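Q: Got a sequence here, can you model it:
(chains A and B)
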Amino acid sequence: MLEVEGIHTFYGLSHILFGVSLRVEQGEVVCLLGRNGAGKTTTMKSIMGLTPPKQGGIRFKGEGIVGKEPYLLARKGISYVPDDRRIFADLSVGENLEIAMRKARVGEGWNKEKVYEIFPALKDIESRRGGCLSGGEQKMLAIARALMGNPELLLLDEPTEGLAPVLVHALEDQIRRLREAGLTVLLAEQNVRSALRLSDRGYIIGNGQIRYQGSIEELKENEEVRKKYLLV
Amino acid sequence: MQLGFIEEDGFQMEYVLTFGPSELACQLLVGLSRSMLLFIVTAGLSLVLGVLRVPNIAHGSLYMIGAFTAFTVSTVVGGAGGFWLSLIVAPLAVALVGLVAERILFCHLYEREHLMLLLFTFALMLILGDLVKIIWGAEYRSVTTASLLQGSFMIFGLPFPRYNLFLLIMGPLVAVALWLFVSKTKIGRISRAAAVDREMVGVLGINVSWVFATAFVIGCLLAGLGGALIAPTVSITLGMDHTIIIEAFLIVTIGGLGNMWGALIGSLIFGITHSFGVMFWPQFAIVFPYVAVVIVLLLRPRGMLKSVW
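A: Purely as a prediction, here's the structure:
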């Protein structure tokens, strides 16, 4: 579904990604693990078109998408949940969801009620302003808002960052339910344990390059790679 | 209100003999009606500032074009019909000018720094000013309002211009319409979101460019409406763009940049202090609003209400 081939991305003059390649197949949950500053977020942003790569190719459902505007990519079926959540603080929870609503390309798709079934806590705070939510509530709202666009591919950037362990488990359950609903997910995480519980396959990124790739079992067993690139 | 005159060191000074409660109330209403006019213009400026982050110096020029267009429409059509039609045609004409300017010029410049935008809109103000001069000439023009709105009626035992009452009705109507737009329509909500984080709005699959165009056109519509509404009360002339834009920027600054309700509060402060200035110290009436601006900025440097900047 998603093929990233040797992308090089820059912030101004600084070279961030050095030929990153990865693939995500339909229905998979794939994690991208790495330390702070390893290039996880830049990879996500490159896919979403926010920091377009200068070299290399990205294909979504077989179509080249490098250089396309983010809003067009969203319409093609990619949703991005940024690590800093970026909830619209002046809008209520309900309004945050409503402005993100897009018709599903196939079937009935997501709507506010269905999203509230996955995140019941949001229904109780529907009229609260986005700026008045706790970190955990904002995370849930950011994911819920991404779902409203009826994506086929969900780019989740550090969903568990800064959450209490109880909330991490709850969020994992919710991500599992999304996967059961047929969503393909690329998950960037520092929280290795949580990511390994959720994913089918994984990549490890360090200093802007993919250092390792393999199945979850291989990742779990390969102590050396985890020590070197993940500090666990 | 009765005025008296005294001679002092050869200067003639006027002072107010009496102002009872009814004079004060009447003058307050005059100030409020001026505030409503200022609000209609500054709400447009504030919308553009808030959503597009563009300090549009040419906003005053659009207001001036609105006034001149109102003059042309009301003169060509004539009578009461001409006046009412001018209130519809002038804002639409200005909105069209705004749409063309946005699609051809502004939409390429949103990512530029504010200084560039200031210079650009300043240049646009000069160009539009010259265009107005070419089209309408440098003479003073005036618009006659509908006879329904001419003359005065008595309130608190004093005469009050009917046109001011009309402004007192129009202001709240515009405020309610704007409130409905930003809080109840999807595009209004998207505008509020785009004001804070335009990139994220794009990530949600929304073409921000058209959201900006819509907000800009509505801002221009308000400038045009303001110009058409002030047309019957002043001499329409070149230079009215400069006067209003200075006042308008002061108002949005004391209100809180980009905050629509801040524009309303700023307009009320500006209009009412001016009107009481006229009452208490006519020679220095113009100074009062500016003193109020200084006081507000000393107490609240970022404006009365929360700024989106």
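
Q: sec struct for A:T9, please.
A: In three-state terms, and counting by DSSP: H, G, I helix; E, B strand; the rest coil, A:T9 is strand.

Q: how much space is there between B:F212 and B:G50?
A: 11 Å (C-beta to C-beta, to the nearest Å). Heads up, the C-betas are built off the backbone N, CA and C, glycines and all.

Q: So which residues on chain A come close to chain B?
A: Contacts of chain A with chain B, taken as C-beta under 8 Å from any C-beta of the partner chain, map to A:48, A:50, A:69-71, A:74-75, A:79-80, A:82, A:86, A:88-91, A:95-96, A:98-100, A:102, A:145, A:149.

Q: still on that earlier bit, of B:F212 and B:G50, who's got more company?
A: B:G50 (28 against 22; other C-beta atoms under 10 Å in any protein chain shown).

Q: Could you grab the helix/strand/coil label for the closest residue to that one other than its chain neighbours?
A: Distance criterion C-beta to C-beta, 6 or more residues apart in numbering or on different chains; nearest residue to B:G50, sequence neighbours excluded, is B:G258 at 2.8 Å. Under three-state DSSP, B:G258 falls in the coil class.

Q: For the stretch 101-250 of chain B, which segments count as strands?
A: B:152-155, B:158-161 (DSSP state E, counting those that start in this stretch).

Q: Pull the distance from stretch B:146-153 to the chain's centre.
A: 23 Å (C-alpha atoms, centre = their mean, to the nearest Å).

Q: buried stuff in that stretch?
A: Neighbour-count burial for stretch B:146-153 flags B:A146, B:L149 (criterion: 16 or more other C-beta atoms under 10 Å in any protein chain shown).

Q: What's the local residue count around A:G94?
A: Count around A:G94 with other C-beta under 10 Å applied: 17.

Q: quick one on the thing from earlier: how close does the residue nearest to B:G50 sit to B:F39?
A: Relative to B:F39, B:G258 is positioned 15 Å away (C-beta to C-beta).

Q: Next: B:Y290.
A: To B:F39, B:Y290 is 18 Å away according to C-beta to C-beta.

Q: next one: B:G20
A: From B:G20 to B:F39 the distance is 29 Å (C-beta to C-beta).

Q: Kindly report the same for A:V4.
A: 52 Å.

Q: which secondary structure element contains the residue nearest to the spatial centre of chain A?
A: Chain A has A:L156 as the residue nearest its centroid, 1.4 Å off, counting by C-alpha atoms, centre = their mean. A:L156 belongs to strand A:153-157 when assigned by DSSP states H and E.

Q: which helices and strands does that strand pack with?
A: Applying 3 or more C-beta pairs under 8 Å, 6 or more residues apart in numbering or on different chains; DSSP states H and E, one finds that strand A:153-157 makes contact with helix A:40-48, strand A:78-81, helix A:135-148, strand A:184-189.

Q: For the helix or strand that comes right after it, list every residue counted as buried.
A: Downstream of strand A:153-157, the first helix or strand assigned by DSSP H and E is helix A:165-180. For helix A:165-180, a neighbour-count test (16+ other C-beta under 10 Å) marks A:L167, A:V168, A:A170, A:L171, A:E172, A:Q174, A:I175, A:L178, A:R179 as buried.

Q: try stretch B:197-208
A: For stretch B:197-208, using 16+ other C-beta under 10 Å, the buried residues are B:R198, B:M200, B:V201, B:G202, B:V203, B:L204, B:G205, B:I206, B:N207, B:V208.

Q: From these, which land in helices?
A: B:R198, B:M200, B:V201, B:G202, B:V203, B:V208 (DSSP state H).

Q: near chain A, from those residues?
A: Of the residues in those, proximity to chain A by C-beta under 8 Å from any C-beta holds for B:M200, B:V201, B:G202, B:V203, B:V208.

Q: show me what contacts the residue lying closest to the first one once chain neighbours are set aside?
A: Right, B:M200. Once flanking residues are discounted, B:M200 sits nearest to A:R86: 4.4 Å by C-beta to C-beta, 6+ apart. Counting by C-beta atoms under 8 Å, 6 or more residues apart in numbering or on different chains, A:R86 makes contact with A:A142, B:D197, B:M200.

Q: hang on, A:R86 in a helix?
A: No. Using three-state DSSP, the assignment for A:R86 is coil, not a helix.

Q: Ends of stretch A:106-120, what's the gap?
A: Criterion C-alpha to C-alpha, to the nearest Å; first-to-last residue distance in stretch A:106-120 is 25 Å.

Q: let me redo that: stretch B:195-211
A: With C-alpha to C-alpha as the measure, stretch B:195-211 spans 10 Å from end to end.
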